[in-house]
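*Asks:* structure of the sequence below:
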Amino acid sequence: MTPALPTILLVEDNDDDVFAMQRALRKAQVTHPLQVVTDGQKAIDYLSGTGAYLDRAIYPLPILIFMDLKLPYYGGFEILEWMRGRAELRETRVIILTSSAEQSDHDRAARFGVETYLVKPPGPDDLSRIIASIR
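*Replies:* The predicted structure is shown next:
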């Protein structure tokens, strides 16, 4: 039996952006399972395996997270700070996916160890390159 591909988590509150990301992943021929959460609290719940996300067979820890910065309840930087304080999530790769092209946001993300900062919408070539690096 072939092992399942690792999961990708998309943290995005805009339905149009979720649809665009799903479409871009399909165009990039990404076959990894995609889980979507729509706010910062759900992201923390998913990553901590609590509440509705208790079952790790259904909601496994992701190998990669695409995360918007501006989210309800907790913003992307608050989630990053929370993640980096947990050993099991400290090394999880996060790609910032946002409409903000502000250099200060880019610099702040880099301080949290974020290597890739994409301004929405990402192109299939960007996604293919990112996914190829985790396979």
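
*Asks:* avg pLDDT for the longest strand along the chain?
*Replies:* The longest strand of the chain (DSSP state E) is strand 93-98. Averaged over strand 93-98, pLDDT sits at 91.

*Asks:* following element in sequence after that strand, please.
*Replies:* helix 103-111 (DSSP states H and E).

*Asks:* got the angle for that following helix vs strand 93-98?
*Replies:* Relative orientation of helix 103-111 versus strand 93-98 (axes from the mean of the first three to the mean of the last three Cα atoms, to 10 degrees): 170 degrees.

*Asks:* pull out the buried residues from the longest helix seen in the chain.
*Replies:* Looking across the chain with DSSP state H, the single longest helix is helix 15-27. Using 16 or more other Cβ atoms under 10 Å as the test for burial, helix 15-27 gives Asp17, Val18, Met21, Ala24, Leu25. Glycine gets a C-beta too; all of them are placed from N, C-alpha and C.

*Asks:* before we move on, what about stretch 87-101?
*Replies:* Leu89, Thr92, Arg93, Val94, Ile95, Ile96, Leu97, Thr98, Ser100.

*Asks:* contacting residues around the last one?
*Replies:* The one in question is Ser100. Leu69, Lys70, Val119 (Cβ atoms under 8 Å, 6 or more residues apart in numbering).

*Asks:* which of those residues ranks first by neighbour count?
*Replies:* Neighbour counts for these peak at Leu69, which has 21 neighbours (criterion: other Cβ atoms under 10 Å).

*Asks:* surely that one touches Glu78?
*Replies:* No: taking contacts as Cβ atoms under 8 Å, Leu69 lies outside contact range of Glu78: 9.8 Å.
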